[in-house]
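*Asks:* Predicted coordinates and the sequence they were generated for:
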Amino acid sequence: MNTSSSNDDTVVLREDKQGRLYPGSPLSDEAKRLRLPGLELISELGSGGMGRVYLARQVKLGRLVAIKALKLTRAADPQLSQWLEDEAVTMAAMNHPNVVGIYEMLQKNGLLFIVMEYVPGRHSIRDLVTRFGPLPENVVLRILEDVVNGLLCVKSKGYIHRDMKPDNLLVSYEEDHEPQSIEEMFRNPQTRVKICDFGIARQFRQLKGEAPHSDLRAMGSPNYMAPEQITDPEKVDFRADIYSLASTALFMLTANPPFPIQDRDELLTYKIEHDLPSPAEAGVKVTPTFNAILQRMGRLLPEKRYQHYTDLQRELALHSLALPNSIGVTKPPRNPFWKVFGICVLLLLLVLGIILGNDYINEHFYRERLISLSSALSFWNPEGRSGWRTLSIDGPHDHKNTILMGHLQDEPHNLTLFTPVLPGYILDFQILNQGTCSAIFQLDDQKDNDTRLLWTRSPDGECSFSFYHNNRLYPIEGIELAHGLQWIPIQMRLSGKSVAIHINNELATTVHCKNANPRTFHIKIISGKSLSLRQIYLYEEEK
């Protein structure tokens, strides 16, 4: 990278192997003189009151990283120097796709260098709102789901963020071209929101006798910090992050902070006496369910907010299922060209409809179709229906998205499938645990030892599996599952004298049996609140 001393001069930026320009500004002369082991500085991504952020390459691994250079020399108070290092230690404790990862920490020339994950695109939520304006509900919901998954990991490590705001949420967008709309960006399944900047994160598992950092206790961003961070900062817990996330959601929906008060002292005084305004009060039209979720997140008193991240996860996930999948696209301006183009498109669609109509009729009315066994309780033994019900998300006739939901009762009964599972058949289903719960999925031929898959979900959202066979319990290791609320696909394949169990599309274990007999499938909740299943299919394996 070649630069001159004036911002008016022309500069030439280096390109990567694909011919794309690296993001950021040219390096200063001071930055060019920096020599960090194993790292090659490329450009400057940004700067702030505490230091600068650089784009660099790890030479041995050949990957791009971001380097935050923090000025330790500014720390006249040793506590501030320790605070800067605490950010690196905090981030290093996190390992989650929705949290910016940290690789290394170096000190040189009075600077602390934190080598961290480079987030492609480096769009903050504030950047997106500045560019696209207020964001639609579907996009805000998608962002909240990502952030809550990350915050659950943060809490599981014993931390709270304490500075949740639009600037501290980065969107990883890996396409070569810039998105033309916010909908285009979030239709990409690889797009992911990541939490960054843990500079004032605090462990709430305080060591006994630890002296508090009095000068840091009430830190935060006035527009987004929770009221208890002002009035009682030593008792702040993860519910403050829930409040700040609601404030950030209101900013996404309105392009303005929750309270339109410019004076800092007046703003803080007002916040400690009022709930956050609802989207409806802020003049934004959202669904009643989403309005209620944000209102509960933004209550003045922490005890009136969500008391567990898993409860918030569940409500966001169920609301996401109920919302239409499509996100509105801006319509082109009306002019004669678009009218002619629209007519041509309609004619083309009409011709295609006629051509494909026969196939559609055959597919939906004459060909054999698989029906989800979660669509009605009539597929299951009447004696086992106590405590079970069906819930249709997208309408009463859409069997694919009908959920079979069970609740633990005083004397839970097996839910038994009428249809036997024969050798050569596959049983597919998806499970969702909406709270702490344990369940058994059992194949029993009444002659051989039964095969049981045991599933447990802890209060922190961690899932574990084990299987029971020949009177012994075996744990299942090595199954990769995202942290938090998710639908988990399960598949049981009966082949000859064995049962192959697949979890999350991975072969978990194979159980060998004495006989190749027809088997009966049972479901039983053994502890916890509730269990949901969907898309339960029984079909013969193709030969």
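*Replies:* Happy to help now that I have it. Numbering: from 1, shown residues only.
*Asks:* Quickly note the distance from residue 372 to residue 384.
*Replies:* Noted for residue 372: a distance of 18 Å to residue 384, by C-beta to C-beta, to the nearest Å. For the C-beta atoms, the positions are set from N, CA and C on the backbone; glycine is no exception.
*Asks:* Next SSE downstream of the helix or strand bottoming out on mean pLDDT in the chain?
*Replies:* The weakest-scoring helix or strand in the chain, judged by mean pLDDT, DSSP states H and E, is strand 202-203 (a mean of 59). The C-terminal neighbour of strand 202-203 among helices and strands, as given by DSSP states H and E, is helix 228-231.
*Asks:* Looking at residue 372 and residue 384, which is more packed in?
*Replies:* Taking neighbours as other C-beta atoms under 10 Å, residue 372 and residue 384 compare with residue 372 leading, 22 against 19.
*Asks:* Touching the biggest strand by length in the chain from outside, list them.
*Replies:* Longest strand in the chain, counting residues (DSSP state E): strand 530-540. With C-beta atoms under 8 Å, 6 or more residues apart in numbering as the test, strand 530-540 has contacts from 370, 372-374, 391, 400-408, 417, 419, 421-422, 424-435, 437, 439, 487, 523, 525.
*Asks:* Quick one: distance of that strand to the chain centre.
*Replies:* In this view, strand 530-540 has its centroid 24 Å away from the chain centroid, taken as C-alpha atoms, centre = their mean, to the nearest Å.
*Asks:* how far away is residue 152 from residue 532?
*Replies:* Distance check for residue 152 against residue 532: by C-beta to C-beta, it reads 19 Å.
*Asks:* neighbour count winner among those two?
*Replies:* Between residue 152 and residue 532, counted using other C-beta under 10 Å, the more crowded position is residue 152 (22 against 19).
*Asks:* I'd like to know how far the more buried one sits from residue 458.
*Replies:* Look at residue 152 and residue 458: by C-beta to C-beta, they are 12 Å apart.
*Asks:* try residue 267
*Replies:* In terms of C-beta to C-beta, residue 267 sits 40 Å off from residue 458.
*Asks:* Residue 167 too?
*Replies:* Relative to residue 458, and taking C-beta to C-beta, residue 167 is found at 33 Å.
*Asks:* Identify the residue nearest the geometric centre of the chain.
*Replies:* Nearest to the mean C-alpha position of the chain, by C-alpha atoms, centre = their mean, lies residue 146 at 2.6 Å.
*Asks:* Pop out the phi and psi values for residue 348.
*Replies:* Backbone geometry at residue 348, expressed as degrees, to the nearest 10, gives phi -60, psi -40.
*Asks:* So what does the closest residue to residue 98 other than its chain neighbours look like in phi/psi?
*Replies:* Spatial nearest neighbour of residue 98, excluding adjacent residues (C-beta to C-beta, 6 or more residues apart in numbering): residue 150 at 3.2 Å. The phi/psi pair for residue 150 (degrees, to the nearest 10) reads phi -70, psi -40.
*Asks:* next one: residue 250
*Replies:* Dihedral pair for residue 250: phi -60, psi -40, per degrees, to the nearest 10.
*Asks:* Just confirm it contacts residue 276, I think it does.
*Replies:* Yes: between residue 250 and residue 276 there is a contact at 6.6 Å, judged by C-beta atoms under 8 Å.
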